[in-house]
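Build me a model from this:
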Amino acid sequence: MDQNTGFEIEEVAINDPSVHEEEFELTLRPRLMNDYIGQRQIKGNLEILIEAAQKRQEPIEHLMLYGPPGLGKTTLAHVISREMSANIRVTSGPAIERAGDLASILTNLAAGDILFIDEIHRINRNVEEVLYPAMEDYVIDLVVGKGPSARTMRLELPKFTLIGATTKIGMLSSPLRDRFGALYRLEFYDDDELAQIVKRSASLLKVEIDHSGVSEIARRSRRTPRIANRILKRVRDYAEVKHHGYIDRGIADQALKRLDIDHLGLDRTDCEYLNTIINKFNGGPVGLDTISAAMAEDKDTLEDVIEPYLLQLGFINRTPRGRIATPAAHQHLGIPVQPGSSPLL
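The predicted model follows:
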């Protein structure tokens with residue numbers, strides 16, 4: 001609990017020797033840009049941005065990181081803070097309920113600090129208005145008092161950097177989005193990049209794993225580092241109990257079958273989603289609300305977690321009339337396309 005703001009906010013003092021290196025290793029997050037795997041174009045652009053800011057001895061511009069969950073937006077924000085030798089304060093859009101909350105955070109920043117706001121698309125519109133002058137002019141305007149005696153007070157802020165992260169860039173208002181100096185979209189990872197991540201994480205976790213085991217986990221990780229690390233930990237558990245801790249392709253396959261993760265990385269919920277469209281609604285088109293009700297699953301979970309990877313695989317199409325299962329989805333599940341199914345197939 002932050003004594004100044006009155007609500008929870010995480011502060012990481014980058015240069016504080018009391019911060020143990022083990023805390024960073026436990027999260028498996030890279031600490032520096034050279035350790036950060038993937039997103040080559042974004043890394044290249046950020047390295048130029050950081051070096052230019054350091055030469056001018058000023059904070060980097062405000063940044064927006066967006067893309068599907070689990071691709072490393074929060075990790076990248078921490079890497080930037082370390083590269084800039086800056087402290088980072090971490091909060092989220094839903095946690096900042098009032099303009100006063102944001103004012104408390106901003107006035108407690110030091111020069112060069114980084115404020116990271118996760119899920120920034122969920123920030124309150126009234127709070128957003130306070131951000132505009134803070135981002136552009138490093139000031140905030142507060143209204144003190146009520147009624148005829150109310151007056152406006154302007155507070156100067158130190159120069160800071162705001163890094164926002166969102167999975168839904170379209171939900172940001174144009175005025176807020178346009179105030180960021182650079183917007184970076186994080187892409188899904190390929191198998192080689194995921195293999196590097198799995199190998200690095202296995203080294204940190206002191207897991208014995210061969211190349212075939214690394215490749216198998218990487219191939220079934222939905223092109224997402226967070227999922228790759230999670231699967232590695234579960235396969236490690238299985239290997240320690242059943243096979244003295246050593247992981248190869250066969251052991252990884254056995255463990256993943258127990259977790260109901262198939263050779264493409266689809267789990268039980270993914271298959272249930274596809275089966276719902278194919279078996280209950282003749283392959284589609286069917287609306288997301290209807291699928292959500294049929295599966296008793298949250299609509300946002302389907303849209304943000306399940307659908308992106310299925311779209312990447314070409315297993316579903318999004319159309320104005322609803323979701324459609326493609327022939328590739330039928331083939332994967334071993335269900336033939338029935339006569340009279342969606343004419344869009």
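
For this protein, name the helix or strand with the lowest mean pLDDT.
helix 21-26 (a mean of 42; mean pLDDT, DSSP states H and E).

just checking, next helix/strand downstream of it?
Going down the chain from helix 21-26, the next helix or strand is helix 40-56, by DSSP states H and E.

All the helices of the stretch 201-345 of the chain, residue numbers only.
Using DSSP state H, counting those that start in this stretch, the helices of the stretch 201-345 of the chain run over residues 211-219, 225-242, 249-258, 268-275, 288-295, 299-301, 307-313, 327-333.

on contacts alone, who are the packing partners of the last one?
To tie it back to what came earlier, the one meant is helix 327-333. With contacts defined as 3 or more C-beta pairs under 8 Å, 6 or more residues apart in numbering; DSSP states H and E, helix 327-333 has these neighbours: helix 268-275. Using the backbone N, CA and C atoms, a C-beta is placed for each residue, glycine as well.

Any idea how far the helix it packs on is from the middle of the chain?
23 Å (C-alpha atoms, centre = their mean, to the nearest Å).

How about stretch 178-192?
That offset, for stretch 178-192, works out to 11 Å (C-alpha atoms, centre = their mean).

How about the residue nearest in space to the middle of the chain, nearest residue that isn't a chain neighbour?
Geometric centre of the chain, nearest residue: P69, 3.4 Å, by C-alpha atoms, centre = their mean. Excluding the flanking residues, the one nearest P69 by C-beta to C-beta, 6 or more residues apart in numbering is T167, at 5.5 Å.

Count the neighbours of that neighbour for me.
For T167, the tally of surrounding residues (other C-beta atoms under 10 Å) stands at 20.

Could you report the pLDDT at it?
pLDDT for T167: 89.

Tell me how far the closest residue to N317 other than its chain neighbours lies from A296.
Excluding the flanking residues, the one nearest N317 by C-beta to C-beta, 6+ apart is I324, at 4.5 Å. In this view, I324 and A296 are 22 Å apart by C-beta to C-beta, to the nearest Å.

So between the two, which is more surrounded?
The neighbour comparison of I324 against A296 (other C-beta under 10 Å) goes to I324, with 23 against 6.

Pretty sure the more buried one sits against L311.
No. Using C-beta atoms under 8 Å, I324 is not in contact with L311; the gap is 11.4 Å.

ok, residues contacting stretch 329-336?
264, 266, 271, 274-275, 277-279, 283, 310, 315-316, 337 (C-beta atoms under 8 Å, 6 or more residues apart in numbering).

what's the average pLDDT for that stretch?
Mean predicted lDDT for stretch 329-336 stands at 89.

Ok, stretch 291-310 next?
89.

List of residues touching it?
Under C-beta under 8 Å, 6+ apart, the answer for stretch 291-310 is 68-69, 167-168, 222-224, 265-266, 269-270, 272-274, 276-277, 280-281, 288-289, 316, 318, 323, 329.

7 Å instead, please
68-69, 167, 222, 269-270, 272-273, 276-277, 280, 288-289, 316, 323 (C-beta atoms under 7 Å, 6 or more residues apart in numbering).
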